[in-house]
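Q: Predicted model and sequence below, questions to follow.
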Amino acid sequence: MSFFAGLFANRAKLGVALVTLLLFFYLAVSAQRGWVLLTSPELSAKLMGAAYLVLPVVGAWALIRELMFGARTEQMGRILAAEGRLPVDDLPRTPAGRIVREAADAQFPRYKAETEAEPEDWRSWFRLSCAYDAAGDRTRARRTMRQAGRLFAGSSRPGSRPDA
């Protein structure tokens, strides 16, 4: 595999790295400007400087939280792939490459029933999240994946099978 083929195979990771780099640059500039304002003799500048210093803290927290979410999701996906339990991506697509919503909606009840039958199994929540994503409901997909992550983190041996 050539360098560029490998690079494009990991476009999502490349995008995350680029956004992370840009956010770090923004956070550094924001912190520097905050410090400059904080050392100013005027009270209003000091207040603005304090606000500028809060922005990098909130930004860093959000960045770390999202990177941890992505890493945990990838780890869960690798475990499911090794077990052969990832949902198969065989849904029909439009000419533009989008999943046909009706097909995703038809498949959804299976994953919902699986999760209702095994509410403490992170694997069922992961697959339900994939079903939400296929149906175009990204908000519920992320919320459901976060639930899978909480259960995954709380399991004694994340890679072990629940019936083992």
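A: That came through fine.
Q: what's the next secondary structure element after the longest helix along the chain?
A: Using DSSP state H to define each element, the chain has its longest helix at helix 43-83. Going down the chain from helix 43-83, the next helix or strand is helix 101-117, by DSSP states H and E.
Q: Tell me which other helices or strands the next helix or strand after that following helix touches.
A: As assigned by DSSP H and E, the chain's next helix or strand after helix 101-117 is helix 122-134. With contacts taken as 3 or more Cβ pairs under 8 Å, 6 or more residues apart in numbering; DSSP states H and E, helix 122-134 sits against helix 43-83, helix 101-117, helix 138-154. Any C-beta I mention is one placed from the backbone N, CA and C, and that applies to glycine too.
Q: right, and the ones you listed - which one's nearest A17?
A: In this view, the helices and strands packed on helix 122-134 are compared for proximity to A17 by Cβ to Cβ, and helix 43-83 is the closest at 10.3 Å.
Q: where does the closest one sit relative to the chain's centre, distance-wise?
A: Relative to its chain's centre, helix 43-83 lies at 11 Å (Cα atoms, centre = their mean, to the nearest Å).
Q: circling back to that earlier point, deepest of the helices and strands packed on helix 122-134, which one?
A: Greatest average neighbour count among those goes to helix 138-154 (a mean of 16), per mean count of other Cβ atoms under 10 Å.
Q: how many degrees apart are that helix and helix 43-83 in direction?
A: Angle of helix 138-154 versus helix 43-83, following axes from the mean of the first three to the mean of the last three Cα atoms, to 10 degrees, is 70 degrees.
Q: roughly how far is helix 138-154 from the heart of the chain?
A: 9 Å.
Q: Can you read off the pLDDT for V88?
A: V88 is assigned 81 on the pLDDT scale.
Q: From L80, how far out is it?
A: In this view, V88 and L80 are 12 Å apart by Cβ to Cβ, to the nearest Å.
Q: I'd like to know how far the residue nearest to the spatial centre of the chain sits from A153.
A: The centroid of the chain falls nearest to G70 when counting by Cα atoms, centre = their mean (4.1 Å). Using Cβ to Cβ, we find G70 at a distance of 14 Å from A153.
Q: ok, now L86?
A: To A153, L86 is 20 Å away according to Cβ to Cβ.
Q: picking up where we left off before, which residues touch the residue nearest to the centre of the chain?
A: Neighbouring residues of G70 by Cβ atoms under 8 Å, 6 or more residues apart in numbering: V16.
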